[in-house]
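Enquirer: Pasted the sequence and its predicted model underneath.
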Amino acid sequence: MLIRPRLNDFHDLPFTQEEVDFAIPFLDEDIPLYLDPFLLWKSPSMQDNALHAIISNSFNHLGHLIKKNKEKEAAEILIRASECTEVGLGTSANKNGMRIGEKTATSILSLFESVPQITEGGFTHFEEIQLYVDQISKDRVSDISCNFLKSFLIDFTIQQCDKHKIPMEKARIQDLYDHKKNQLVDEDAFLPVNPETKKPVLLVPKRWLRFIPWINYEDYFDGYFVKEVWQDKDKVPSRVEILEYNRKNYDVVQNFIKMKEKSSEDCKNDPLFKSIPITSAKRKLNEIIKLPSGKTDNADKKYEDHVCQLMASALYPHLDFAQAQSRTDSGALIRDLIFYNNRSFDFLKDIYDDYKSRQIVMELKNVAKVERDHVNQLNRYLTDSFGSFGILITRNPLPKPIFKNTIDLWSGQRKCIIALTDEDLKLMVSVYESKQRHPIEVIKKKYLEFRRSCPS
């Protein structure tokens, strides 16, 4: 069973997150990012600008319906557009989100009647609704945007699936916004599907994704309202008070929006994973080297945290980091690092072919001397998706009897366990800094040394 499986892992497709233009979807949880319409607005791409206009026009059409006394129709569109499960963006652990309720929809639509400037001109950045209505945040902004752009996302998904050979099958897409009819419709299309639920999956350009939308309530409150607007410094206003104030003081909100537009150069998409800089890697290494072996003063926990951050960055983009996880083995708590094996390097392809390792597990041991039990713990873990290749990250070289034990495992069971030490981490950081070679080559070097010690 794969840990935190992604769409490409299920189909055994060897591309990395770095190599593709979309955020690779997880199968059993959401991607912790959100579509930010502001990125489309500030994009140099005319296509992105046009798509931003589609979002704004579609949302402002709800105001047109309000003017024609079609409140019920407007509310139904808004409620149905408030959740977009096909894109799998957000923080849900089971990919099942909830739509907004009628009360929240009514509060949003009332802006077209209660704020004269919105009544007359609508929204340029509809994500402003976060500053007027409670219970609206980044997930709603993202889902509404995705639903209004669903027709484009279908075309984009099909294009990317053709390019990367992702299997597709006929599936029904719900709540697709028809921009000619200004209605939400259902449509059949050939798309990738979640293998567990058989529900369609839509891919989203990673250039549109951020952890927090550029226009958001927290930034408005901390960076603008309290500093520039609120006069009573002895009292912190409640969220409800601020939202009510905003509804009555449209120009105050627009000043904030103009500030965000002027600083748009600072608005960049957030990657799913970002490597730590060289200086941070060297700092992590120094902290690791200084730590004593064992558990004194939580040294084992500090060791695990530092190694986790260092390895995830040093091995990217050749290995995408899946997660750090803890497990119990014979009463001992063990920390593992799990990486997706994308076969993006010759050595990694060999590991996949020879040991069936679709994911690579690294076990962390802050001990002065690795013992037989430590090797056996990792050995028991090398089954199923992890295949027969594992890495022990520890402080010192394996004692001769323990190294012989790993040779015997290879000879008897064709399982390969190699060890990385403090000296290997130093070499990885040195390579990481020089940019002349790749840190993954340090692991390759250790593997080749191990194989030379094995009987032919």
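Expert: In hand now; what should we look at?

Enquirer: and Leu184, helix, strand or coil?
Expert: strand (DSSP: H, G, I helix; E, B strand; the rest coil).

Enquirer: and the closest residue to Phe450 other than its chain neighbours, bridged to which residues?
Expert: Leaving aside its sequence neighbours, Phe450 sits nearest to Ile418 (CB to CB, 6 or more residues apart in numbering; 5.0 Å). Using the backbone N, CA and C atoms, a C-beta is placed for each residue, glycine as well. Judged by DSSP bridges, the bridge partners of Ile418 are Ile391.

Enquirer: how many other residues sit next to Ile418?
Expert: 20 (other CB atoms under 10 Å).

Enquirer: which residues touch it?
Expert: Neighbour list for Ile418: 390-392, 406, 443, 446-447, 450 [criterion: CB atoms under 8 Å, 6 or more residues apart in numbering].

Enquirer: ok, now Val229?
Expert: Here Val229 is in contact with 245, 252 (CB under 8 Å, 6+ apart).

Enquirer: quick one: low-confidence parts of the chain?
Expert: 1, 93-96, 326-335 (pLDDT under 70).

Enquirer: what about 80?
Expert: Counting by pLDDT under 80, the chain has low-confidence residues at 1-2, 91-97, 231-234, 273-274, 323-335, 384-385, 456.

Enquirer: so where do the strands sit in it?
Expert: Remark: strands assigned in the chain by DSSP state E are 34-35, 169-178, 183-191, 209-210, 319-329, 332-341, 359-364, 389-393, 416-420.

Enquirer: could those be laid out in a markdown table, adding distance to Thr197?
Expert: Converted to a markdown table, the strands of the chain look like this (distance: least, CB to CB, whole Å):
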| stretch | distance to Thr197 |
| --- | --- |
| strand 34-35 | 22 |
| strand 169-178 | 11 |
| strand 183-191 | 13 |
| strand 209-210 | 23 |
| strand 319-329 | 21 |
| strand 332-341 | 22 |
| strand 359-364 | 22 |
| strand 389-393 | 31 |
| strand 416-420 | 36 |
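
Enquirer: and for stretch 132-141, what are the contacting residues?
Expert: By CB under 8 Å, 6+ apart, stretch 132-141 touches 34-37, 82, 89-91, 97, 100, 104, 107-108, 111, 115, 126-127, 129-130, 212-213, 216-217, 239-240, 243, 246-247, 253.

Enquirer: C-alpha coordinates for that stretch, PDB please?
Expert: In PDB, the C-alpha atoms belonging to stretch 132-141 read as follows (Å, rounded to 0.1, in the frame of the first residue of the first chain):
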ATOM      1  CA  TYR A 132     -17.700  41.800   3.800                       C
ATOM      2  CA  VAL A 133     -19.200  38.400   4.700                       C
ATOM      3  CA  ASP A 134     -18.500  36.000   7.500                       C
ATOM      4  CA  GLN A 135     -17.800  32.200   6.900                       C
ATOM      5  CA  ILE A 136     -16.100  33.000   3.500                       C
ATOM      6  CA  SER A 137     -12.400  32.300   3.200                       C
ATOM      7  CA  LYS A 138      -9.700  31.000   0.800                       C
ATOM      8  CA  ASP A 139     -11.400  27.600   0.200                       C
ATOM      9  CA  ARG A 140     -14.600  29.200  -1.100                       C
ATOM     10  CA  VAL A 141     -12.800  31.700  -3.200                       C
END
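
Enquirer: For it, buried residues please.
Expert: 132-133, 136-141 (16 or more other CB atoms under 10 Å).

Enquirer: Looking at neighbours, which among the contacts of Ile418 is most surrounded?
Expert: Of all the contacts of Ile418, Ile443 has the most neighbours under the rule other CB under 10 Å, reaching 26 neighbours.
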